[in-house]
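Chemist: Predicted model and sequence below, questions to follow.
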Protein chains: 2
Amino acid sequence: MELHQLRYFAKVAELGHFTRAAEACGVSQPSLSQAIVKLEEEAGKPLFERLGRGVRLTEAGEKLRGWGGACG
Amino acid sequence: MELHQLRYFAKVAELGHFTRAAEACGVSQPSLSQAIVKLEEEAGKPLFERLGRGVRLTEAGEKLRGWGGACG
DNA sequence: TAAAAATACTCCATAGGTATTTTAT
DNA sequence: ATAAAATACCTATGGAGTATTTTTA
């Protein structure tokens, strides 16, 4: 797990959209997509449900977003 | 700032020793050293005082260690 | 002078890019 | 049909290694 992956994840979770998240992060859509795929591989399960138009957090995704646990 | 840098930083802060921290992290001393140098460049100031025998946190180093602030 | 950190390289893994294809509405 | 994500492939950056050279107590 790397910081850039978490930055991208957070932005996608916020916007529900890979392409717009990529723009917001200043990287290309494929680069961000790859980073999320890597993160999902490490997690062992998808973090986002692909909807064709945009994207929604899975349960595993929600869990990762809620990370920091004791802090928040 | 990258996760591996923070891992190394934390271990050096804990042990007060680059070489032993490198062993503990399973990397070579030069690799860990480089990572810390990068982190210090980003910080704009040294994080450790080099003592010849081991190393001690600077004020900036203490601040970084104390990060997470609100969490505990 | 000896233990520890810094430097000088070399190598390779991977983050990121462009072009394109697949998918789902 | 079209907007959005995935895939394929390439390049370049930088993380990690070995060998060596400063440091400083």
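Modeler: Perfect, thanks for sending it. Numbering: from 1, shown residues only, chains lettered A, B, ... in the order given.
Chemist: So what touches the lengthiest helix in chain A?
Modeler: If you go by DSSP state H, chain A has its longest helix at helix A:29-43. Applying CB atoms under 8 Å, 6 or more residues apart in numbering or on different chains, the set of residues contacting helix A:29-43 from outside is A:1, A:4-6, A:8-9, A:12, A:18-19, A:21-22, A:25, A:46-48, A:60, A:64. Any C-beta I mention is one placed from the backbone N, CA and C, and that applies to glycine too.
Chemist: Which residue ranges of chain A form helices?
Modeler: Going by DSSP H, chain A shows helices at A:3-15, A:18-25, A:29-43, A:59-65.
Chemist: what would these look like in a markdown table with mean neighbour count and mean pLDDT?
Modeler: Below are these laid out as a markdown table (neighbours: other CB atoms under 10 Å in any protein chain shown; pLDDT from 0 to 100):
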| stretch | mean neighbour count | mean pLDDT |
| --- | --- | --- |
| helix A:3-15 | 18 | 97 |
| helix A:18-25 | 18 | 97 |
| helix A:29-43 | 16 | 96 |
| helix A:59-65 | 15 | 96 |
